[in-house]
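Asks: Give me a 3D structure for the following:
(2 chains)
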Amino acid sequence: MNKLLYRAIPFIIFFAMALLLWRGLNSDPTVLPSALINKPVPVFKVPRLDDSQAYFSHEDLSGEISLVNVWASWCLPCRDEHATLMSIARTTRIPIYGLNYKDNWQDARDWLNRYGDPYVSSGFDEDGRIAIDWGFYGVPETFLIDQAGIVRYKHAGILTPQIWRAQFLPLINEMTTA
Amino acid sequence: MKYLFTLLFYGLTINFVYAIPVDRYQFDDPQAQAEFYQLLKELRCLVCQNQDLSDSNASLAEDLRQEVYALIQQGYSKAEVLRYVTDRYGDFILFKPPLQVSTYALWFTPFALLLLATGLLLYRIKRRTILLDN
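Replies: Below is the predicted model:
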């Protein structure tokens, strides 16, 4: 019996490694978890798209649960998630703030006029400096922020109803019932 | 002929080339300049994730180069710059994963496996030698 076990060791090691590597194959290495999770939102202040005299800042993000969505008029995937954002804006009371990334003022406003504006307001981050503070690396990205202004979740990529249901809603429920 | 071939081989493979023109970023302090270029080599481009910041043409890489330059000019040390970027992007932006408890397995497993395999090999050889002597 001992001899059999001894000979089985390579197979055991093989299967253990195969399992580990299989799991690795199924995870997407390009997706970065946010370094901001459970930390307060970065301090920032940008002019607003709808009113260039007014500002969107980190202060707007405390007091209630909110979403921050990084978008741009030149970003094609942003159009894909637009319907989802409009639906969230219509059916929930969670404010969505936009962060317009490296865009042209007029193009951004035209885009909103054309496709609809799900945002309470959009900040205009022309050189992308503010997005760096958010650990942003590709449009679109959506951040979930709780009532205390702490970043709770980040989704990189198109926001779909499935992801909204599976990742965002559970956290939101947790925040509202706590 | 062999000498020529060797020369060609090394000439083509060994290079210390930076994809950005060296004059682009001005420095008064050569130490700061050295640190800047070291940092660019140590930080990952998050868009083209196998390239470092000195090679990548991605727009985000350009922004981060600018950012690192600004920080160095403001007097940030190398460690402080690394801290700054990992605060925003996490450890993944570093090409060398930091040595901490959660990464011990990553750093030491290759050596551990090598040691194990060598040990096993020696053991087998020793046993076989004993058997043969009998």
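Asks: Please report how far A:E126 lies from B:E42.
Replies: The gap separating A:E126 from B:E42 is 29 Å, by CB to CB, to the nearest Å. Any C-beta I mention is one placed from the backbone N, CA and C, and that applies to glycine too.
Asks: The host helix or strand of B:Y104 close to chain A?
Replies: Assessed by DSSP states H and E, B:Y104 sits inside helix B:104-133. No - if you take CB under 8 Å from any CB of the partner chain as the test, helix B:104-133 misses chain A, and the best it gets is 9.8 Å.
Asks: Now do that helix: distance to the chain's middle.
Replies: Offset of helix B:104-133 from its chain centre (CA atoms, centre = their mean, to the nearest Å): 29 Å.
Asks: Now it: average pLDDT?
Replies: For helix B:104-133, the mean pLDDT works out to 87.
Asks: between A:E126 and B:E42, who's got more neighbours?
Replies: Between A:E126 and B:E42, B:E42 has the larger neighbour count (other CB atoms under 10 Å in any protein chain shown), namely 18 against 15.
Asks: List the contacts of the more buried one.
Replies: B:D52, B:L82, B:L94, B:F95, B:K96 (CB atoms under 8 Å, 6 or more residues apart in numbering or on different chains).
Asks: what's the closest of the residues you listed to chain A?
Replies: B:L94 (11.7 Å; CB to the nearest CB).
Asks: Give me the neighbour count for the closest one.
Replies: Using other CB under 10 Å, B:L94 has 15 other residues around it.
Asks: Please apply the same query to the one 10 residues further on.
Replies: Residue neighbour count, defined by other CB under 10 Å, stands at 10 for B:Y104.
Asks: Report the separation between A:A8 and A:F15.
Replies: 10 Å.
Asks: meant to ask about B:T86, not that
Replies: B:T86 is 36 Å from A:F15, by CB to CB.
Asks: quick one: low-confidence ranges for chain B?
Replies: Within chain B, the stretches with pLDDT under 70 are B:16-23, B:134.
Asks: Now do the helices in it.
Replies: B:2-13, B:30-42, B:59-73, B:78-89, B:104-133 (DSSP state H).
Asks: Determine which stretch of those is the most buried.
Replies: Mean neighbour count (mean count of other CB atoms under 10 Å in any protein chain shown) peaks for helix B:59-73 among these, with a mean of 18.
Asks: what angle separates it from helix B:78-89?
Replies: With axes from the mean of the first three to the mean of the last three CA atoms, to 10 degrees defining the directions, helix B:59-73 sits at 140 degrees from helix B:78-89.
Asks: So helix B:59-73, near chain A or not?
Replies: Yes - judged by CB under 8 Å from any CB, helix B:59-73 and chain A are in contact via B:S59, B:L60, B:D63, B:L64, B:E67.
Asks: quick one: contacts of that helix?
Replies: Residues contacting helix B:59-73 (CB under 8 Å, 6+ apart): A:102, A:127-129, A:132, A:137-138, B:20, B:25, B:27, B:32, B:35-36, B:39-40, B:43, B:45-48, B:51, B:53-54, B:80-81, B:84-85.
Asks: quick one, phi/psi of A:S57?
Replies: The phi/psi pair for A:S57 (degrees, to the nearest 10) reads phi -140, psi 180.
Asks: Which positions are bridged to it in the beta structure?
Replies: A:K45 (DSSP bridges).
Asks: residues contacting it?
Replies: A:S57 neighbours (CB under 8 Å, 6+ apart): A:V43, A:F44, A:K45, A:V46.
Asks: Just the buried positions in stretch B:89-98, please.
Replies: B:Y89, B:G90, B:F92, B:I93 (16 or more other CB atoms under 10 Å in any protein chain shown).
Asks: Among these, which ones lie close to chain A?
Replies: B:Y89, B:G90, B:F92.
Asks: which stretches of chain A form helices?
Replies: So, for chain A - with DSSP H - the helices run A:2-26, A:76-91, A:105-115, A:129-133, A:161-163, A:169-177.
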